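In: quick one, fold the following:
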Amino acid sequence: MITYEQAKKLKDAGFPQPKTKGFLDIFAPTLSDLIKKCGKYVNLFQLEDGWGASKSQNGFDLVFTLGEHTVGSTPEEAVANLWLAINKK
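Out: Below you'll find the model as predicted:
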């Protein structure tokens, strides 16, 4: 599960909020929710001290070919950071 602070960042950045929200009126998406909203070809990988997430062009690219990835202390946090990076305005 992601933290309240991370859920708030997602909400403030426009992450879809269902009518029935989670704790304190902010939806805390699951890892599956986050991956689905990031679109196709999400790569999730374990690092020495946390987790990383990235998107590839076709699902077969090596994770680091694109050169950009996000990190987090949990898989959820890494993919939430990826969604934030993809949806940066």
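
In: elements contacting the helix or strand that contains Ser32?
Out: Assigned by DSSP states H and E, Ser32 falls within helix 31-38. If contacts are counted by 3 or more CB pairs under 8 Å, 6 or more residues apart in numbering; DSSP states H and E, helix 31-38 sits against helix 75-86. Quick note: C-beta positions are derived from backbone N, CA and C, even for glycine.

In: try it again at 10 Å.
Out: helix 4-12, strand 42-47, strand 50-55, helix 75-86 (3 or more CB pairs under 10 Å, 6 or more residues apart in numbering; DSSP states H and E).

In: number of nearby residues for Glu48?
Out: 4 (other CB atoms under 10 Å).

In: so where's the chain uncertain?
Out: 21-24, 58-68, 89 (pLDDT under 70).

In: kindly export stretch 17-32 (C-alpha atoms) in CSV.
Out: This file holds the C-alpha atoms of stretch 17-32, laid out as CSV (Å, rounded to 0.1, in the frame of the first residue of the first chain):
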residue,chain,number,x,y,z
GLN,A,17,-10.4,9.0,-8.0
PRO,A,18,-13.4,6.6,-7.6
LYS,A,19,-16.6,7.8,-6.0
THR,A,20,-15.8,5.6,-3.0
LYS,A,21,-12.4,6.8,-1.8
GLY,A,22,-10.1,5.3,0.8
PHE,A,23,-8.6,6.8,3.9
LEU,A,24,-9.3,10.5,4.6
ASP,A,25,-11.1,10.9,1.3
ILE,A,26,-8.1,10.1,-0.8
PHE,A,27,-7.9,6.9,-3.0
ALA,A,28,-4.9,4.7,-2.3
PRO,A,29,-4.5,2.7,-5.5
THR,A,30,-3.2,-0.8,-5.5
LEU,A,31,-0.1,-1.9,-7.5
SER,A,32,-2.5,-3.3,-10.1
